[in-house]
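Engineer: Predicted structure and sequence below. I'll ask about it afterward.
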Amino acid sequence: MHFSGFQYKQLKINIIPHSNKLLSYLDVLVDGIYNENLKDKKRNWVGSTNQKFYYLTDKYNSQIETNIKYKNKVKFSINNSLQKWNRTKLRNWSEIYPQLCIFFSEIMSKYER
């Protein structure tokens, strides 16, 4: 699952370098910027009602949005590839996101299907 303030259609057309490649490795994308005026207390994972789920594989479906079994559980593992990441002083998400797309694209290319 990946959260993006960018819209799915923007990522799909590669508006940010490597974003379309990143999409090819995701099961679920949640797009849309969190909006405090549209708080969503019914769905798991998202914070506001303007955020939309996209199921990019058959691994998950809309049950993860409301089923308590999926309530905000995270499992993440990665190997020594993180050593390649240079820590930089970034001020906001719009600066971080393009670097993340490139970073994950490089990592995933090592594990091409």
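Structural biologist: Looks like it arrived, so ask away.
Engineer: so where's the protein uncertain?
Structural biologist: The model of the chain has pLDDT under 70 over residues 70-101, 104-105, 107-113.
Engineer: ranges for the helices of the chain?
Structural biologist: 8-12, 19-23, 63-66, 93-109 (DSSP state H).
Engineer: Quick one: the strands in the protein, in order.
Structural biologist: Using DSSP state E, the strands found in the chain span residues 2-4, 28-31, 52-55.
Engineer: list the contacts for residue 60?
Structural biologist: Residues in contact with residue 60 (CB atoms under 8 Å, 6 or more residues apart in numbering) are 1, 27-28. Just so you know, the C-beta spots here come from the backbone N, C-alpha and C atoms, and that holds for glycine as well.
Engineer: of all the strands of the chain, which lies closest to residue 66?
Structural biologist: Among the strands of the chain, strand 52-55 comes nearest to residue 66, with 10.8 Å by CB to CB.
Engineer: ok, that closest one: who's next to it in the sheet?
Structural biologist: strand 28-31 (antiparallel) (DSSP bridges).
Engineer: From what I see, residue 12 and residue 23 are in contact.
Structural biologist: Yes: in this structure residue 12 lies within contact range of residue 23 using CB atoms under 8 Å: 6.4 Å.
Engineer: Those two: which has the busier surroundings?
Structural biologist: Neighbours were counted for residue 12 and for residue 23 using other CB atoms under 10 Å; residue 23 has more, 18 against 14.
Engineer: quick one, what contacts the more buried one?
Structural biologist: By CB under 8 Å, 6+ apart, the contact list for residue 23 reads 11-12, 29, 56.
Engineer: Select only the buried ones of those residues in ChimeraX?
Structural biologist: Only the buried members of the contacts of residue 23 end up in this ChimeraX selection, burial being decided by 16 or more other CB atoms under 10 Å:
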select :11,29
